[in-house]
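S.K.: Test case, fold it:
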Amino acid sequence: MKRTTLAISLGVIVAISSFAAEKVVRVDLTRERAGGEPARFLAVVGDWNVATDDAGKKVLQVDGRQWIKGQPSAGLAAKARTIYGSKHEDFVDSVKAYAYFPYAVARDVPEFHDGEISVRFRLMGGQLDQCAGILFNLQPNGDYLAVRFNGKEDNVVLWTFKSGKRSFVKKGAHDVPLKFGEWHRLKVRVEGTKLVGSLDDEPLLEYTLEAPVSGKVGVWSKTDSVSQFGEYTVTTR
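M.R.: Have a look, this model is predicted:
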């Protein structure tokens, strides 16, 4: 397939297919400062920083060891204004209700409809939880959906966060034990109301949503998990 690729400074690569009208956004952390808070992701809840993996590549890390009673990240109100402007107050109130679940929003994806979100992740630690996930359909009132892998349970699960309440939606077809420190790939594909969640390219979760998605996207974790994320890619049509 013929592609025209445009490299944008500040760490975002956008590729547009000339035939399928397909837009690919790859979040590149190469120019980010290791040890600092990420610029390409807005850390809304939890402690997020840029780390370096074993191969010397910059990755996004959530460090739950610093988690204390689920506090939102510093500068939450300013970050909420960046995402939702005048509607940020409702968003801030909702975030406080979900403060046990760290997440960071991809700044360069204005809105995700049909398409695919893909990220590599590895679990590095956590006494209470060992989670890494994809957040999507984030709304101005703070509601969102998340597909995550849990190393304590060895499974992929779809959760909904709505009106201050987290609700279980569906579990993957079977459990998949993963080793600490190994990289794996999690994907979420949405077509209309059809959702498919995959782990290492194996479809494990299929579900029909109540309505098509339309919102912000990002990465997700839980309580004291220490997890790393890389190669965050969003493909839309």
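
S.K.: do you know how far residue 130 is from residue 227?
M.R.: To residue 227, residue 130 is 8 Å away according to C-beta to C-beta, to the nearest Å. Every residue, glycine included, has its C-beta placed from N, CA and C.

S.K.: Ignore what I typed, I meant residue 101.
M.R.: 13 Å.

S.K.: which residues do those two both contact?
M.R.: residue 221 (C-beta atoms under 8 Å, 6 or more residues apart in numbering).

S.K.: So for those two, which sits in the more crowded spot?
M.R.: Using other C-beta atoms under 10 Å, the more surrounded residue of residue 101 and residue 227 is residue 227, with 29 against 26.

S.K.: Let me know whether that one touches residue 124 as I believe.
M.R.: Yes - in this structure, residue 227 is within contact of residue 124 by C-beta atoms under 8 Å, at 6.1 Å.

S.K.: Overlap in contacts, those two.
M.R.: In contact with both residue 227 and residue 124: residue 61, using C-beta under 8 Å, 6+ apart.

S.K.: And the helices in the protein, which stretches?
M.R.: Assigned by DSSP state H, the chain shows helices spanning 76-84, 88-97.

S.K.: In terms of mean pLDDT, which of those ranks lowest?
M.R.: Mean pLDDT across the helices of the chain is lowest at helix 88-97; the value there is a mean of 59.

S.K.: Give the full set of residues in contact with residue 104.
M.R.: 38, 41, 42, 43, 44, 46, 48, 60, 62, 218, 219.

S.K.: Using TSV, lay out those together with distance to residue 138, pLDDT and neighbour count.
M.R.: Below are the contacts of residue 104 laid out as TSV (distance: C-beta to C-beta, whole Å; pLDDT from 0 to 100; neighbours: other C-beta atoms under 10 Å):
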residue	distance to residue 138	pLDDT	neighbour count
38	17	95	23
41	13	97	23
42	11	93	23
43	14	91	24
44	9	88	28
46	15	85	26
48	16	94	24
60	17	98	26
62	17	96	30
218	7	98	30
219	11	98	28
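
S.K.: any chance of those residues in CSV, plus distance to residue 134?
M.R.: As requested, the contacts of residue 104 are exported to CSV (distance: C-beta to C-beta, whole Å):
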residue, distance to residue 134
38, 16
41, 13
42, 16
43, 16
44, 15
46, 15
48, 15
60, 13
62, 13
218, 8
219, 7
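
S.K.: Which of the residues you listed fall in strands?
M.R.: 41, 42, 43, 44, 48, 60, 62, 218, 219 (DSSP state E).

S.K.: Fine by me, thanks again.
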